[in-house]
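Trainee: Below is the sequence, then the predicted model.
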Amino acid sequence: MRRMGDAPALFDAVALTCLRGRRLVFEDLAFRLDAGGALMLVGPNGAGKSSLLRVLAGLIEPLSGAIRWDGEDVTADREAHRARLAFVGHLDAVKPAFTVRETLEVWAGLFGAEAVSAETLDAAMDAWGLDALAHVRGAELSAGQKRRAALARLMLQDRPLWLLDEPTTALDAASVATLERLVAEHRGRGGLVVASTHGGFAMPGATVLDIADFQAEAA
């Protein structure tokens with residue numbers, strides 16, 4: 001299997017603290033991942049799993065601390081960091097008026113038309129069982145079908161860092177198995193995965209980080 005040329009030697013966070021409004025979501029959070037590693041985020045709803053993923057994606061500025069890629073602070077080159085990650089959040093980003101095929105074509109265009117071939121797009125649709133839904137508009141899709149379309153984006157880009165926020169939401173058992181296989185293949189190429197979960201999603205060998213362990217104690 002092809003190795004991922006841009007795979008990192010190390011991805012880590014040091015003394016990371018996040019403030020949302022007046023709420024201290026987590027503080028002094030730290031982790032480190034080597035190439036091929038995975039971090040599974042657990043904890044109750046509202047604990048800060050989504051906030052951490054958005055901080056790691058550069059969508060929220062941490063109050064303090066550092067996120068480093070191969071030893072260098074990611075704020076030194078934000079564009080480079082955005083170009084190395086794929087983020088799938090709670091929202092599926094499936095437009096009601098677009099068909100499934102059109103939705104993936106739009107995302108392919110955002111990733112660079114020359115970088116995404118028709119064969120790659122076809123392979124993503126096939127892997128997620130979207131072929132029969134190619135011409136179905138987003139407004140007509142079920143929650144599970146929208147989620148599969150959103151996750152198919154991961155196969156349209158060669159990004160070493162996957163950030164997945166509750167990726168199994170609305171998925172059936174077969175689709176969860178597909179996700180687990182694709183994550184394992186990604187890690188086998190040297191890629192990294194950080195995913196939040198409430199259970200039912202396996203990432204063998206993943207480091208488990210309980211966000212509750214980094215929450216500020218009540219005064």
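Mentor: Nice, thanks for sending it over.
Trainee: in which helix or strand would I find the residue lying closest to Leu39 once chain neighbours are set aside?
Mentor: Nearest residue to Leu39, sequence neighbours excluded (CB to CB, 6 or more residues apart in numbering): Val194, at 4.5 Å. To be clear about C-beta, it is placed using only N, CA and C from the backbone, and glycine gets the same treatment. Element membership for Val194 (DSSP states H and E) is strand 192-196.
Trainee: List of residues touching that strand?
Mentor: The contact list for strand 192-196 (CB atoms under 8 Å, 6 or more residues apart in numbering) reads 7-8, 11, 33, 35-42, 49-50, 52-53, 56, 160-167, 183, 186-187, 201, 203, 206.
Trainee: Neighbours of Gly43, how many?
Mentor: Residues near Gly43, counting by other CB atoms under 10 Å, number 20.
Trainee: Restricted to strands, list the contacts of strand 192-196.
Mentor: 11, 33, 38-42, 161-164 (DSSP state E).
Trainee: rewinding a little: name whatever forms a beta bridge with the residue nearest to Leu39.
Mentor: Leu39, Leu163 (DSSP bridges).
Trainee: In contact with the residue nearest the centre of the chain: list those residues for me.
Mentor: The centroid of the chain falls nearest to Leu163 when counting by CA atoms, centre = their mean (2.2 Å). When contacts are counted by CB under 8 Å, 6+ apart, Leu163 touches 53, 56-57, 85-88, 194-195.
Trainee: now His198
Mentor: So His198 contacts 42, 166 (CB under 8 Å, 6+ apart).
Trainee: So it, which state does it fall into?
Mentor: coil (DSSP: H, G, I helix; E, B strand; the rest coil).
Trainee: Return the residue spatially closest to Ala150, with its sequence-adjacent residues excluded.
Mentor: Per CB to CB, 6+ apart, closest to Ala150 is Asp92, 4.0 Å.
Trainee: That neighbour against Gly144, yeah?
Mentor: No. Shown here, Asp92 and Gly144 do not form a contact pair, counting by CB atoms under 8 Å, at 10.2 Å.
Trainee: Looking at the two, which is more packed in?
Mentor: Asp92 (21 against 13).
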